[in-house]
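Visitor: Using only what follows, build the 3D model:
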Amino acid sequence: MTARRAILLGAGGLLLWLSFSSAAHAGMLEDAVQGLASSSEDKVEDSIRSLGTLDDARAWPALDALSDDRLRVGADGKVYIWDSKTHDAKDPITLAVVQAPRPLKEVEVSNEIRRVAGPVLAQLRLGSPSAGERLAAAEELSKAGDAEATTLLHKALDREKDPKVRDALTLAVARVDLASPSADARVGALQIIKKLGNDEFLSAVQRMVSKNDQGQFNEPDAKVRAAAQEVVDAIAGQQRLVSVVGSLLHGLSLASVLLFAALGLAVTFGLLGVINMAHGEMLMLGAYSTYAVQTFFQAHMPGAFRWYLLAAVPVAFLVTMLVGMLLERTVIRHLYGRPLETLLGTWGISLGLIQTVRLIFGAQNVAVANPDWLAGGIEITHGLVLPWSRIGVIGFVIVVAAGVWFLLQKTRLGLYVRAVTQNRAMAACMGISTKRIDMWMFGLGSGIAGLGGVALSQLSNVGPELGQSYIIDSFMVVVLGGVGRLAGAVAAALGLGVVNKILEPLAGAVLGKIAVLAFIILFIQRRPQGLFAIKGRVDA
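Guide: Next comes the predicted model:
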């Protein structure tokens, strides 16, 4: 009975102590927050440091309002946070809207007070439930560069569970330790930087291994210099790797756009033998169709704006397909068998389409916004982010290429197309309407290019001369892959897209294009059929 009473008494005493401690803490927090409005800068700085010692996240809104000129003093002498949007006064700790006695006087803040408040604000943000807030706080504390910041960072590192935030805190500690008087601390910081491979430290580390105006090393310790040189070499190697991988990924997205254009050319050039210089303008019309759909959604359906791109896909396909079919019926059908006249005629059509778009939309480029589900990207490694827009384009072209393959290989229309491609006269004798096949396939090729314009609108601005940048490369893809061969177009587009992006930083854009063109000429000299030749009977 005595032991039980002792336990109950002890528990009661502990609760009483906790209650007293909590009340004392709340009182100290209230006093420190109210002290932020003192007329003495020294007292304001003391209140800021007191808030840092209390380390209570509830003080963050008041301190942030002080730094942002949103802290007010009411007629009762108490502190309030002013909301400029709603014009309400809020309690600095609970953030509840209150009826503050007017007038409200703005608390004046000097740059010195902001400098003192910065590290404390970052310290309080380190306890935020948001990982992004903690990351920003770690960066701010690391730039403070004082011993107090190092202590706070170590404490935050001990309790942090998120891997990305832990890495950021570790780098923040390393940033501070680089200026430490201890050589061992500097070596440890350099080892952390080397392990995490952050190139933001490259200039600071390079200064450590360089000499000053007197010919002496900026870093006096040879052991630290050796560690710094290892970091410089490691970061340089990582930058080369990031450059190569980045070029490869951007090459894939370029290959996707080339494939959109080349798929249509592979069909029309292989089937009709038409050198269609207006094919690039189908890309442009598809991009402008996307812009028109975006404008319509902004004006009439703003609530569904994030889905405008899904509506733009069928619209762009239908618009460009109908334009292609109209061109085939009115102009191109009269030029079959005359390649030079076809080339000149379609070139004139391309100029007409460009001028028509200029008259309708203007000569200036227009911007097509990415929907929110294509914003941002995936961080593959530090300094290399693959945007969702490029990932979406690559996935889109895979779906379209699969659809074209299914159409040509698994449907009756595809069977007729292959028959006409291999032997037009025999196909006509079998009852296939070759003129109708020509019209539908020219329209299909134009529609596929229009889908390429949808994809291209998500990667760059849209202008009247958009298609001119891709028509030559598209023809090279078709010729290199093999006329009329879908697999050849895919292989050639991937090859040219990736090679172009790899050569550009090495030899420049112009020399890179010349090198690619020279390779294609030499390749066609040795293999005129391209990578994938059409197999079938040829008329004698």
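
Visitor: tell me the mean pLDDT over the lengthiest helix in the chain?
Guide: Longest helix in the chain, counting residues (DSSP state H): helix 222-272. Averaged over helix 222-272, pLDDT sits at 79.

Visitor: what is the orientation angle of whichever helix or strand comes after that helix with helix 222-272?
Guide: Beyond helix 222-272 in the direction of the C-terminus, DSSP states H and E gives the next helix or strand as helix 279-300. Computed by axes from the mean of the first three to the mean of the last three C-alpha atoms, to 10 degrees, the angle separating helix 279-300 from helix 222-272 equals 110 degrees.

Visitor: can you give me the strands for the protein?
Guide: Assigned by DSSP state E, the strands in the chain fall at 71-73, 79-83, 88-90, 97-98, 105-106, 377-381, 384-387.

Visitor: out of the ones you listed, which comes closest to residue 266?
Guide: Closest approach to residue 266 among these (C-beta to C-beta): strand 384-387, 27.9 Å. Using the backbone N, CA and C atoms, a C-beta is placed for each residue, glycine as well.

Visitor: Could you name the helices and strands sitting against that closest one?
Guide: Applying 3 or more C-beta pairs under 8 Å, 6 or more residues apart in numbering; DSSP states H and E, we find strand 384-387 packed against helix 222-272, strand 377-381.

Visitor: Nearest to residue 123, out of these?
Guide: Nearest of the helices and strands packed on strand 384-387 to residue 123, taken as C-beta to C-beta: strand 377-381 at 26.7 Å.

Visitor: what's across from the spatially most central residue of the chain in the sheet?
Guide: Centrality entry for the chain: nearest residue to the mean C-alpha point is residue 387, 3.4 Å, by C-alpha atoms, centre = their mean. Assessed by DSSP bridges, residue 387 has beta-bridge partners residue 377.

Visitor: before we move on, the earlier item: out of the strands of the chain, which one sits most buried?
Guide: Of the strands of the chain, the one with the most neighbours on average (mean count of other C-beta atoms under 10 Å) is strand 71-73, at a mean of 23.

Visitor: and it, which strands flank it?
Guide: Paired with strand 71-73 in the same sheet, following DSSP bridges, are strand 79-83 (antiparallel), strand 105-106 (antiparallel).

Visitor: export these to TSV and tack on distance to residue 477 and mean pLDDT?
Guide: Formatted as TSV, those follow (distance: least, C-beta to C-beta, whole Å; pLDDT from 0 to 100):
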stretch	distance to residue 477	mean pLDDT
strand 79-83	58	86
strand 105-106	65	84
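
Visitor: now those as TSV including distance to residue 67?
Guide: Shown next, in TSV, are these (distance: least, C-beta to C-beta, whole Å):
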stretch	distance to residue 67
strand 79-83	12
strand 105-106	13
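
Visitor: Can you list the low-confidence ranges for the stretch 351-500 of the chain?
Guide: Low-confidence segments of the stretch 351-500 of the chain (pLDDT under 70): 381-384, 483-486.

Visitor: Could you pull out the helices in it for me?
Guide: Assignment of helices within the stretch 351-500 of the chain using DSSP state H, counting those that start in this stretch yields the ranges 388-410, 412-422, 424-429, 434-457, 471-481, 486-507.

Visitor: If you tally nearby residues, what's the number for residue 373?
Guide: By other C-beta atoms under 10 Å, 11 other residues sit near residue 373.

Visitor: That one reaches residue 388, doesn't it?
Guide: Yes. Using C-beta atoms under 8 Å, residue 373 is in contact with residue 388, at 7.4 Å.

Visitor: quick one: buried residues of stretch 467-480?
Guide: Residues 467, 468, 470, 471, 473, 474, 475, 476, 477, 478, 479, 480 are the ones in stretch 467-480 that count as buried (16 or more other C-beta atoms under 10 Å).

Visitor: Disregarding flanking residues, what is the spatial nearest neighbour of the fourth one?
Guide: In space, and not counting its chain neighbours, residue 471 is closest to residue 280: 3.5 Å by C-beta to C-beta, 6 or more residues apart in numbering.

Visitor: That neighbour and residue 391, how far apart?
Guide: Separation of residue 280 from residue 391 (C-beta to C-beta, to the nearest Å) stands at 25 Å.

Visitor: Residue 369 now?
Guide: Going from residue 369 to residue 391 by C-beta to C-beta gives 17 Å.

Visitor: Please apply the same query to residue 385.
Guide: As defined by C-beta to C-beta, residue 385 lies at a distance of 11 Å from residue 391.

Visitor: Now for the two: what residues contact both?
Guide: By the contact definition C-beta atoms under 8 Å, 6 or more residues apart in numbering, residue 385 and residue 391 are jointly contacted by 377, 378.

Visitor: closest one to residue 237 among the strands paired with strand 71-73?
Guide: The minimum distance between residue 237 and the strands paired with strand 71-73 falls on strand 79-83, with 49.9 Å, by C-beta to C-beta.

Visitor: Show me the contact partners of the closest one.
Guide: Residues contacting strand 79-83 (C-beta under 8 Å, 6+ apart): 33-34, 36-37, 61-62, 65, 70-74, 88-92, 95, 98, 100, 104, 107.

Visitor: ok, now stretch 128-141?
Guide: Contacts for stretch 128-141 (C-beta under 8 Å, 6+ apart): 57, 60, 118-119, 121-126, 149, 152-153, 156, 160, 162, 164-165, 168-169, 171-172.

Visitor: Just the buried residues of those.
Guide: Neighbour-count burial (16+ other C-beta under 10 Å) applied to the contacts of stretch 128-141 gives 60, 118-119, 121-126, 149, 152-153, 156, 160, 165, 168-169, 171-172.

Visitor: Point out the most buried one among the helices and strands packed on strand 384-387.
Guide: When those are compared using mean count of other C-beta under 10 Å, helix 222-272 is most buried, at a mean of 21.

Visitor: Taking their axis directions, that helix and helix 486-507 sit at what angle?
Guide: Using the same axes, to 10 degrees: helix 222-272 against helix 486-507 is 140 degrees.

Visitor: can you pull the contacts of the residue nearest to the centre of the chain?
Guide: Contacts of residue 387 by C-beta under 8 Å, 6+ apart are 374, 376, 377.

Visitor: The second one contacts residue 388, correct?
Guide: Yes. When contacts are counted by C-beta under 8 Å, residue 376 is listed as touching residue 388 (5.8 Å).

Visitor: More neighbours: which of these two?
Guide: Taking other C-beta under 10 Å, residue 376 and residue 388 do not tie; residue 388 has more neighbours (18 against 12).

Visitor: Quick check: that one touching residue 372?
Guide: No. Taking C-beta under 8 Å as the definition, residue 388 is not a contact partner of residue 372, at 9.9 Å.

Visitor: how about the helices in the stretch 101-250 of the chain?
Guide: Taking DSSP H, counting those that start in this stretch as the test, the helices found in the stretch 101-250 of the chain are 111-125, 131-144, 147-159, 163-177, 183-196, 202-209, 222-272.

Visitor: and the ones you listed as JSON lines, adding distance to residue 82?
Guide: Below are those laid out as JSON lines (distance: least, C-beta to C-beta, whole Å):
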{"stretch": "helix 111-125", "distance to residue 82": "17"}
{"stretch": "helix 131-144", "distance to residue 82": "22"}
{"stretch": "helix 147-159", "distance to residue 82": "29"}
{"stretch": "helix 163-177", "distance to residue 82": "32"}
{"stretch": "helix 183-196", "distance to residue 82": "42"}
{"stretch": "helix 202-209", "distance to residue 82": "40"}
{"stretch": "helix 222-272", "distance to residue 82": "46"}
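
Visitor: re earlier: who has more neighbours, residue 280 and residue 391?
Guide: residue 280 (28 against 16).

Visitor: what's the distance between the more buried one and residue 464?
Guide: For residue 280 relative to residue 464 (C-beta to C-beta), the value is 11 Å.

Visitor: cool, residue 295 as well?
Guide: Residue 295 is 17 Å from residue 464, where distance means C-beta to C-beta.

Visitor: Thank you kindly, that will do.
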